[in-house]
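J.: Structural data only, the sequence is not supplied:
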């Protein structure tokens, strides 16, 4: 039986489910008969472990009603950390977990170290964001060229120098926005969303794969890049890369679910909003 805890979202439940209905966790729930789905915490994540405790109680109740069904845990973001927390609680009772599927699990809720997948989890697949993607703009050829030009004697006009300096500042602002979207710098607070579940106790068979995508895209519900990056060409390039990563995530998650005896029929329905003239190509890659 699949037990799911989704990621962080809005306080308002209607807005939350509107956002998360595109996500991998919700899609797994809808395709899996008898699965249990719990919404994730709000922005500050103070309810994370309480949600984990609620799922733990549901699992214990189901074990009494259904004669110890096999357990598969699925979680995104803080919901992934909560799944790890539940796994540790079940370990104290020597209850085994068939599989765990994590979409970029992060640990921003204080009070429990969710870094280690416990030994009672037979198999785990953790799909994680690539940290290099969060510094997308300062790794672009344009930014590197402009920074290099600052280190050599200038043979150009003062206006050109000022223009280049302003462009550097703009790309650095984009980079900050990108880090916020990837959940590395959180609204300038200095805290970062580091990944939970990065270590594993044997004999758990675990696999970690990193993808170039924002935190939301890792869960199947990406942000509209053009809302925080107002440079159309860069926004388009980022969304193309995110869609490509999401398609690979979808394939890997489906394969894993089938391997552990669950239904694996995830299919994306997200079309990048900044590419209206190229919708057909993207739609064909997703649906056909």
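T.: That came through fine. All of these numbers come straight from a predicted model, not from anything done at the bench.

J.: right, and residue 83 touches residue 51 too?
T.: No. Contact criterion CB atoms under 8 Å: residue 83 and residue 51 do not qualify, at 9.9 Å. In this view, the C-beta of every residue, glycine as well, is placed from N, C-alpha and C.

J.: intersection of neighbour lists for those two?
T.: Counting by CB atoms under 8 Å, 6 or more residues apart in numbering, the common neighbours of residue 83 and residue 51 are residue 5.

J.: So the two - more neighbours on which side?
T.: Neighbours were counted for residue 83 and for residue 51 using other CB atoms under 10 Å; residue 83 has more, 31 against 24.

J.: Sticking with the more buried one, tell me its helix or strand.
T.: Assigned by DSSP states H and E, residue 83 falls within helix 78-91.

J.: Mind giving me the packing neighbours of that helix?
T.: Judged by 3 or more CB pairs under 8 Å, 6 or more residues apart in numbering; DSSP states H and E, the packing partners of helix 78-91 are strand 2-5, helix 48-65, strand 72-76, strand 99-103, strand 116-117.

J.: what number of residues lie near residue 82?
T.: Using other CB under 10 Å, the number of residues around residue 82 comes to 35.

J.: Could you list the low-pLDDT ranges of the stretch 101-250 of the chain?
T.: 108-110, 153-156, 184-192 (pLDDT under 70).

J.: now the strands for the stretch 101-250 of the chain?
T.: Assigned by DSSP state E, counting those that start in this stretch, the strands in the stretch 101-250 of the chain fall at 116-117, 123-129, 199-200, 205-211.

J.: Return the most buried member of those.
T.: Each of the strands of the stretch 101-250 of the chain was scored by mean neighbour count; the highest is strand 123-129, a mean of 23, by mean count of other CB atoms under 10 Å.

J.: Partner strands of it and their direction?
T.: Its sheet considered, strand 123-129 pairs with strand 99-103 (parallel), strand 205-211 (parallel) by DSSP bridges.

J.: Just tell me which of these ends up closest to residue 137.
T.: Nearest to residue 137 among those is strand 205-211 (18.5 Å), distances taken as CB to CB.

J.: for the chain, what's the longest helix?
T.: helix 232-259 (DSSP state H).

J.: quick one on the thing from earlier: I'd like the strands of the stretch 101-250 of the chain as TSV, with distance to residue 69 appended.
T.: Below are the strands of the stretch 101-250 of the chain laid out as TSV (distance: least, CB to CB, whole Å):
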stretch	distance to residue 69
strand 116-117	21
strand 123-129	17
strand 199-200	24
strand 205-211	21
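
J.: follow-up on the earlier one: what would the strands paired with strand 123-129 look like in TSV with distance to residue 42?
T.: Shown next, in TSV, are the strands paired with strand 123-129 (distance: least, CB to CB, whole Å):
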stretch	distance to residue 42
strand 99-103	19
strand 205-211	26
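
J.: for these, which one sits closest to residue 132?
T.: strand 205-211 (8.7 Å).

J.: mind checking how far the closest one is from the chain centre?
T.: 13 Å (CA atoms, centre = their mean, to the nearest Å).

J.: Compute the inter-axis angle for it and helix 232-259.
T.: Using axes from the mean of the first three to the mean of the last three CA atoms, to 10 degrees, the inter-axis angle of strand 205-211 relative to helix 232-259 is 160 degrees.
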